[in-house]
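> Need a 3D model of the following:
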Amino acid sequence: MNAQELYAQYNNFDKEMGLVLTEHSPGNITYKLEISEKHLSSPKVGHGAVVASMMDAILGTTALSKVCNDGNLVSTVEFKINYFKPIFKGDKLLATGEIEFEGKSLIVTTGKIIKTNTKELVSKGMGTFNIYPMTKRGLFI
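I've put the predicted structure just below:
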């Protein structure tokens with residue numbers, strides 16, 4: 001089971017947010033999101049938690065996509081985010097992630113979110129994740 005199949009089955013939060021995941025290969029995924037009325041914190045302006053949620057998703061799912069074929073899951077140890085530009089209703093966002101380090105028990109990823117229409121950098125982030133067996137959560141592949 002790849003990360004996209006795993007998330008389609010279990011991750012209701014991403015669906016509720018409107019995040020669209022595409023797994024290109026292990027460690028290489030993208031998320032897309034169009035900012036709608038439900039993402040706003042004031043008229044036309046998106047809430048920072050939307051960007052933070054998208055960043056957490058790209059960082060964690062990049063890590064997950066790298067380890068899930070080996071029967072593992074990941075959990076967040078920490079993540080850091082920098083905000084550079086606000087988001088507005090109608091903006092189309094693209095998040096990409098990269099593996100920076102993979103050890104036996106930890107994996108570190110970086111991510112960025114851009115506005116697809118202007119190519120403006122909205123946010124960058126970095127996360128550290130604990131690697132553990134799916135059997136610990138009662139999942140089997």
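> Does Met54 touch Tyr31 like I think?
Yes - with contact defined as C-beta atoms under 8 Å, Met54 counts as touching Tyr31 (6.0 Å). (Each C-beta comes from the backbone N, C-alpha and C, glycine too.)
> shared neighbours, the two?
Residues touching both Met54 and Tyr31 comprise 19, 93, 95, with contact defined as C-beta atoms under 8 Å, 6 or more residues apart in numbering.
> So which of these is the closest to Cys68?
Leu19 (17.7 Å; C-beta to C-beta).
> tell me which residues form a beta bridge with Gly125?
Gly125 has these beta-bridge partners by DSSP bridges: Ile81, Gly111.
> What's the separation between it and Val20?
In this structure, Gly125 and Val20 are 19 Å apart, going by C-beta to C-beta, to the nearest Å.
> Let's see if you can find the most crowded of the shared contacts of Met54 and Tyr31.
Of all these, Ala95 has the most neighbours under the rule other C-beta atoms under 10 Å, reaching 26 neighbours.
> residues contacting it?
Under the criterion of C-beta under 8 Å, 6+ apart, the contact list for Ala95 reads 30-33, 54-55, 57-58, 111-113.
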